[in-house]
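Visitor: Predicted structure and sequence below. I'll ask about it afterward.
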Amino acid sequence: MTAASPGSRRVAGLLAGLACVGAFGAGCGADAPAGSPMTVRLLVRDINIRPAGVDCAGSGAYLYVHRSAPYQVTDRDGAVLHRGELPAGTAVPAFEEDLEVERIPTYCAFAIPVSVPERGGYRLVIDGRPPIELTTDRENPEGPSLVAVIP
């Protein structure tokens, strides 16, 4: 059996590290906190006129909430527990009433899968903006969630 060269071991280690970061967002290794899978559910009440069910992003004052925007989930002290890029949001009707038209007032709902350790509180930071407080919802029929509504 032939021993691997130091250069090939470095490349293998680098590739493993990149795969780990890409797969889990928050990183891997002894310094990464163990976590439980949850979903951050963010509702942006921008009341934009669009068809329900289409991909969306925040509008007006919430343009920074969009697909590929960098985000972090932190604890109350600001320690980063998970980081990544936002997925596209989905337009959801702002009112239950059927307006009988294709384009209706909607909100933009984001579902962001994360893995975070148990903490007393969580915050969502999007693109360096002020933190958004998250409420823990362990009773959600779709699974444990961290929930926020803006504004």
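Guide: Yep, it's here.

Visitor: buried stuff in the longest strand along the chain?
Guide: When the chain is scanned for its longest strand (criterion: DSSP state E), the result is strand 36-51. For strand 36-51, the neighbour count (16 or more other CB atoms under 10 Å) marks Met38, Thr39, Val40, Arg41, Leu42, Val44, Asp46, Asn48, Arg50 as buried. Bear in mind the C-beta positions are built from the backbone N, C-alpha and C, glycine included.

Visitor: For Val80, which non-adjacent residue is closest in space?
Guide: In space, Val80 comes closest to Gln72 once its chain neighbours are excluded; the distance is 5.0 Å by CB to CB, 6 or more residues apart in numbering.

Visitor: just Arg45 next, same as before
Guide: Counting by CB to CB, 6+ apart, Arg45 lies nearest to Tyr107, which is 5.1 Å off, once chain neighbours are set aside.

Visitor: Assign that neighbour to helix, strand or coil.
Guide: strand (DSSP: H, G, I helix; E, B strand; the rest coil).

Visitor: Wait, it touches Ile49, no?
Guide: No - using CB atoms under 8 Å, Tyr107 is not in contact with Ile49; the gap is 11.7 Å.

Visitor: This structure: strands as residue ranges?
Guide: Counting by DSSP E, residue ranges of the strands within the chain are 36-51, 55-56, 70-75, 80-85, 89-93, 103-116, 122-126, 132-137, 145-150.

Visitor: Can you pull the poorly scored residue ranges out of the protein?
Guide: Low-confidence segments of the chain (pLDDT under 70): 1-34.

Visitor: hmm, try it at 90
Guide: Within the chain, the segments meeting pLDDT under 90 span 1-36.

Visitor: So which residue is smack in the middle of it?
Guide: Nearest to the centroid of the C-alpha atoms of the chain, with distances taken as CA atoms, centre = their mean, sits Ile112, at 3.5 Å.

Visitor: how close does it sit to Glu100?
Guide: Using CB to CB, to the nearest Å, one gets 33 Å for the distance from Ile112 to Glu100.

Visitor: Could you chop this protein up by domain?
Guide: 1-32, 33-150 (automatic domain parsing).

Visitor: which of those domains sits most buried?
Guide: Ranked by mean neighbour count under mean count of other CB atoms under 10 Å, these are led by domain 33-150, which reaches a mean of 16.

Visitor: How about exporting stretch 88-97 as CSV, limited to the C-alpha atoms?
Guide: As requested, the backbone C-alpha atoms of stretch 88-97 are provided in CSV (Å, rounded to 0.1, in the frame of the first residue of the first chain):
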residue,chain,number,x,y,z
ALA,A,88,-36.9,32.0,-2.9
GLY,A,89,-40.1,32.9,-1.0
THR,A,90,-43.6,31.8,-2.1
ALA,A,91,-46.4,34.3,-2.5
VAL,A,92,-49.3,33.6,-0.2
PRO,A,93,-52.7,35.4,-0.2
ALA,A,94,-52.8,38.3,2.2
PHE,A,95,-56.6,37.8,2.7
GLU,A,96,-58.8,34.7,2.9
GLU,A,97,-61.4,36.2,0.7
